[in-house]
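**Q** Fold the following.
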Amino acid sequence: MEAMRKLICRNLDQAGCRTVLQAANGVEALALLQNRPGIDALITDWNMPMMSGIELLRAVRAHPTLHALPVLMVTGEMSRPEVEEAIAAGVSSFLVKPFTVGNLQARLTQILGADRIGTAAPARVARRPPPMAGDVQQVPVLASPWPDVDTDTDAVESAPCVLVVDDSVDTIDVLVGLLRHEYRVIAATRGSEALRLVESERPDLILLDVVMPEMDGFAVCRQLRADPKHAETPVVFLTANDDAGSVVDGLRLGAVDYIAKPVEPLVLLARVRGQIARHQAFAVLQRQLQLEAENARLREQVERMARHDLKSPIGGIVNFADELMRFGGLSAEQSELVAAIHESAWSVLDLINLSLDLYRIERGAFELHPVRVELFELMKRILKERQAEILGKRLHPSLSARDGGDARVTACTVLGDPLLAYSLFANLVKNAVEAAPIGGRLTIALESQGGDHVEVRISNSGVVPETIRECFFEKFSTAGKVGGTGLGTYSARLFAEAQGGSIAMVTRDAEGDTTVTVTLPYASA
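**A** Residues are numbered from 1 along each chain as shown. Coordinates of the predicted model:
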């Protein structure tokens, strides 16, 4: 993003760096590094067109003369897999947006040394050796929630808990002996004692004898099922009485299984393992459902926050920038900075509005208030914004329009939402540019169809991978694209349909091209 590059250049100037070179994408940056010796450090964004930051980092580390160059990775957010990926690729340090001049200077000091900030620094310094072929990078990983089963005391202490309830001490000894190598086993000889243990230990499974003095197994099971905290704890009845009536009574009370005495060890272990696995899977599912419910509430809160708490201050930034430009008296550099602030604030405001619209469309709560949108001018703007990537890939773009059969009339006006229309076609053009091979073509043709609708055909000389052709417009559909989210074509479909239009894709292997066609309602004069 040009505004971010300007901000970093200004911060570097304040930090004392004498010469700062810029590149709009990873391809340009790599060419600049190869052709301009004496560069002391590389600062790269993670997400860039044509070549991402991680791809640029790998290319630098693989280069015979650039491999020791300190590389500072700038990103808006870092997930654990991305951190591990960048470390394995040989990154020198990270800088998370937003940042201050002090943050930037601290990172540069870290990778270059305090004596080199603000000096010519004729030699490069390697903060870490580049990864060599065959080397293994050791990266910390999260521990599994359950240890491997063995006889280690600590492992068993953290294993699932089984409560054995039987009035026979001999039976308890047998069951504990069978289970203790895989589970943490606790025991009770009375129903009342078992209910107290359930409150304090929260077992994952209960092996419950039916015939006991004072309180039999059926009574214990009734109390467990009446308590919401323990209603889902699996109960397996143990009894010498395996007649059909007792089995049915136990299952009606909520038991998950029945095992007859004397216990067959292999059968017992198999059933205990199966029931605990089901209980754990059910617990995971419950947590996922709770998380989804919490996420739904969070989305509602974010929507309210975005609408009320974020839009107002960002709108203030836009207005203040307008006022500064209106007052005048600014130097050329100051005017450029204020204009960049104004443009960036508008971009953020548009993104907020767009994300809210996408959320409403997904929920079926979006209301369209159509106005006239001139697609030809919109397409010219989008092509201009993507000019750096188009030139970098040496593409041959063309834009044509026929309105009512007259090629001289190039408005091709539709009825729609300006922000949705912009995002719809900006996503499709971006995808077409990225998918096109170097030196390929990019064609955008607009044509009104009988005064009913306008058809937009965006073509490029590339083919869609076969694995995603059937699900091209579905959510999270992506293949072979570094950093791809699979939301671009999905949101394009939603935005087209929300404006009363449609979208389709045709890719042809023999011809080596792909065309995405969008239709939107025509706006007559």
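
**Q** All the helices of the stretch 251-400 of the chain, in order from the start?
**A** 265-304, 311-327, 332-363, 375-385, 387-392 (DSSP state H, counting those that start in this stretch).

**Q** nearest spatial neighbour of Gly488, skipping sequence neighbours?
**A** Asn427 (4.4 Å; C-beta to C-beta, 6 or more residues apart in numbering). (Glycine included, C-beta is placed from N, CA and C.)

**Q** Next, count neighbours for that neighbour.
**A** Using other C-beta atoms under 10 Å, the number of residues around Asn427 comes to 19.

**Q** Over to Asp249?
**A** 15.

**Q** so it is in which element?
**A** Using DSSP states H and E, Asp249 falls within helix 244-252.

**Q** on that earlier part again, mind checking the SS state of the residue nearest to Gly488?
**A** helix (DSSP: H, G, I helix; E, B strand; the rest coil).

**Q** Look at it and report its pLDDT.
**A** pLDDT recorded at Asn427 is 86.

**Q** hang on, it packs against Tyr490?
**A** No. Using C-beta atoms under 8 Å, Asn427 is not in contact with Tyr490, being 9.3 Å away.

**Q** Report the next helix or strand after the lowest-mean-pLDDT helix or strand in the chain in sequence order.
**A** Ranked by mean pLDDT, DSSP states H and E, the helix or strand of the chain with the weakest confidence is helix 153-157, at a mean of 53. Along the chain past helix 153-157, the next helix or strand (assigned with DSSP H and E) turns out to be strand 161-165.

**Q** Pairing partners for that following strand, with directions?
**A** The pairing partners recorded for strand 161-165 under DSSP bridges are strand 184-188 (parallel), strand 205-209 (parallel).

**Q** mean confidence score for it?
**A** On average, strand 161-165 scores 93.

**Q** And the contacts of it?
**A** Strand 161-165 has contacts (C-beta atoms under 8 Å, 6 or more residues apart in numbering) with 172, 175-176, 179, 183-189, 191, 194, 197-198, 201-209, 212, 217, 220, 272, 276.

**Q** Buried only: go through these for me.
**A** 172, 175, 179, 183-189, 191, 194, 197-198, 203-209, 212, 217, 220, 272, 276 (16 or more other C-beta atoms under 10 Å).

**Q** any chance of the helices of the stretch 251-400 of the chain in a markdown table, with mean pLDDT and distance to Ser448 too?
**A** Below are the helices of the stretch 251-400 of the chain laid out as a markdown table (pLDDT from 0 to 100; distance: least, C-beta to C-beta, whole Å):
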| stretch | mean pLDDT | distance to Ser448 |
| --- | --- | --- |
| helix 265-304 | 81 | 37 |
| helix 311-327 | 81 | 35 |
| helix 332-363 | 81 | 26 |
| helix 375-385 | 90 | 10 |
| helix 387-392 | 88 | 26 |
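
**Q** okay, those helices in CSV with distance to Leu57 next?
**A** Converted to CSV, the helices of the stretch 251-400 of the chain look like this (distance: least, C-beta to C-beta, whole Å):
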stretch, distance to Leu57
helix 265-304, 32
helix 311-327, 33
helix 332-363, 26
helix 375-385, 26
helix 387-392, 18
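
**Q** Which one of these lies nearest to Leu56?
**A** Across the helices of the stretch 251-400 of the chain, Leu56 has its closest neighbour in helix 387-392 (13.0 Å, C-beta to C-beta).

**Q** So for the closest one, what gets flagged as buried?
**A** Ala388, Glu389, Ile390, Gly392.

**Q** Enumerate every residue touching the residue nearest to Gly488.
**A** The contact partners of Asn427, by C-beta under 8 Å, 6+ apart, come to Gly488, Thr489, Ser491, Ala492.

**Q** Isn't the second one up against Lys475?
**A** Right, Thr489. No. Thr489 is beyond contact range of Lys475, at 9.4 Å (criterion: C-beta under 8 Å).

**Q** What does Arg58 show for phi and psi?
**A** With angles defined as degrees, to the nearest 10, Arg58 sits at phi -60, psi -40.

**Q** any idea how far Thr44 is from it?
**A** To Thr44, Arg58 is 12 Å away according to C-beta to C-beta, to the nearest Å.

**Q** With Gly328 instead?
**A** Distance of Gly328 to Thr44, computed by C-beta to C-beta: 37 Å.

**Q** Likewise for Asn427?
**A** Counting by C-beta to C-beta - Asn427 and Thr44 are separated by 24 Å.

**Q** what's the answer for Arg299, then?
**A** Using C-beta to C-beta, we find Arg299 at a distance of 32 Å from Thr44.

**Q** Pro160 now?
**A** From Pro160 over to Thr44 (counting by C-beta to C-beta), the distance is 47 Å.

**Q** The residue lying farthest from the centre of the chain - nearest residue in space that isn't next to it in sequence?
**A** Largest separation from the mean C-alpha position in the chain: Pro213, at 57.3 Å (C-alpha atoms, centre = their mean). The shortest distance from Pro213 to any non-neighbouring residue, by C-beta to C-beta, 6+ apart, is to Asp167 (6.2 Å).

**Q** swap in Val174?
**A** In this structure, Val174 finds its nearest non-sequential neighbour in Val263, 7.0 Å apart by C-beta to C-beta, 6+ apart.

**Q** So which bits of the helix or strand Leu494 falls within are buried?
**A** Element membership of Leu494 [criterion: DSSP H and E] is helix 488-498. Buried residues in helix 488-498, counted by 16+ other C-beta under 10 Å: Gly488, Thr489, Tyr490, Ser491, Ala492, Arg493, Leu494, Phe495, Ala496, Ala498.

**Q** Can I get those residues in TSV including pLDDT and distance to Ile382?
**A** TSV is the format used below for the buried residues of helix 488-498 (pLDDT from 0 to 100; distance: C-beta to C-beta, whole Å):
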residue	pLDDT	distance to Ile382
Gly488	77	14
Thr489	83	16
Tyr490	85	19
Ser491	86	15
Ala492	88	13
Arg493	90	18
Leu494	91	19
Phe495	91	14
Ala496	93	15
Ala498	92	19
